[in-house]
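**Q** What would the 3D arrangement of this be:
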Amino acid sequence: MADTEALALRLRRHVVRMTHRGNSSHVGSALSMADIMAVLYGRVLRVDPSQPKWPGRDRFILSKGHAGACVYAALAERGFFPVEQLEQHYSNGSVLSGHVSHKGVPGVELSTGSLGHGLGVGGGMAKQLRRLGGNQRVFVVLSDGECDEGSNWEAILFASHHRLDNLVAIIDYNKIQSLASVAETLALEPFADKWTAFGWAVRRVDGHDHAALHAVLDGAPLESGKPTVIIADTTKGKGVSFMEDSVLWHYRSPQGEEYENALAELAGGA
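**A** Numbers count the residues shown, from 1 in each chain. As a prediction, the model looks like this:
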């Protein structure tokens with residue numbers, strides 16, 4: 001998995017540079033899911049950058065749209081648009097907005113930001129693709145805090161009722177929300193048991209272990225006739241020591257010495 005690990009490192013560098021240049025938030029949220037994105041775009045998703053609307057493509061939705069910097073970085077690295085365009089992130093007139101947008105950005109399926117909508121849309125996409133007889137899969141990344149939204153639990157019921165085994169939800173379970181920990185805000189545990197009770201096939205993995213991520217994501221559906229959820233245990237701010245497990249870096253932008261130190265920590269490898 002050296003290729004996807006190298007890709008994840010590049011994604012993290014892009015995220016730190018993008019949030020620095022734009023003076024934007026959510027660097028910690030984007031860093032926590034960089035390994036998930038690297039495995040998806042490096043090994044799992046069936047997409048064609050030369051044909052962003054290819055009907056046979058897998059669909060990807062980032063429901064936690066505030067971490068859009070990592071999606072843009074993954075799409076640029078995959079060849080959907082030039083890597084140099086990332087320098088325009090969060091600047092006036094740029095199509096690369098802070099919360100991910102599909103408008104004018106090839107490869108983005110859905111604009112998101114207001115939490116709790118991605119899984120419902122993904123369920124609708126999965127049902128329609130099934131109705132048309134296709135074998136495409138729909139992958140949706142959600143945040144853990146986002147699972148406080150009741151709309152997600154409606155979507156969870158919908159997907160199991162319609163036996164949508166072409167739908168894969170991935171929870172970026174970094175345990176920290178915008179202002180406090182998930183456990184302090186609205187506890188989710190026993191999280192896996194809740195998904196199981198709602199009729200989903202469930203796996204819990206280390207969200208920074210590329211081999212484990214590849215095995216469960218590429219092997220989806222985990223059970224025929226059931227939608228799949230991957231609960232990925234992650235670290236908010238992963239890769240930059242002073243950002244890890246810190247609520248501060250949900251909104252803080254890396255500037256000055258903090259920016260230089262973050263890039264220095266991400267300097268190794270590819």
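
**Q** okay, CA-based contacts and neighbour counts for the rest of this
**A** OK.

**Q** measure the most centrally placed residue in the chain to K64 for me?
**A** The C-alpha lying nearest the average C-alpha coordinate of the chain belongs to V141 (Cα atoms, centre = their mean; 4.3 Å). Noted for V141: a distance of 7 Å to K64, by Cα to Cα, to the nearest Å.

**Q** quick revisit: surely the residue nearest to the centre of the chain touches I170?
**A** Yes - using Cα atoms under 8 Å, V141 makes contact with I170 at a distance of 4.7 Å.

**Q** residue contacts, V44?
**A** Neighbouring residues of V44 by Cα atoms under 8 Å, 6 or more residues apart in numbering: 214, 217-218.

**Q** Mind doing that once more with 10 Å?
**A** Shown in contact with V44 (Cα atoms under 10 Å, 6 or more residues apart in numbering): 37-38, 58, 213-215, 217-219.

**Q** Out of those residues, which comes closest to G28?
**A** M37 (14.5 Å; Cα to Cα).

**Q** Pretty sure the closest one sits in a strand.
**A** No - secondary structure of M37 (DSSP: H, G, I helix; E, B strand; the rest coil): helix, not part of a strand.

**Q** Need the residues touching each of V141 and K64.
**A** Common neighbours of V141 and K64 (Cα under 10 Å, 6+ apart) are 118, 171-172.

**Q** How about residues contacting stretch 258-270?
**A** Under the contact criterion Cα under 10 Å, 6+ apart, stretch 258-270 has outside partners 2-3, 5-10, 12-14, 16-17, 19-20, 239-243, 253-255, 257.

**Q** what's the answer for stretch 75-88, then?
**A** With contact meaning Cα under 10 Å, 6+ apart, stretch 75-88 is reached by 7, 10-11, 14-15, 17-19, 21-22, 37-38, 41-42, 47-52, 69-74, 94-97, 105-108.
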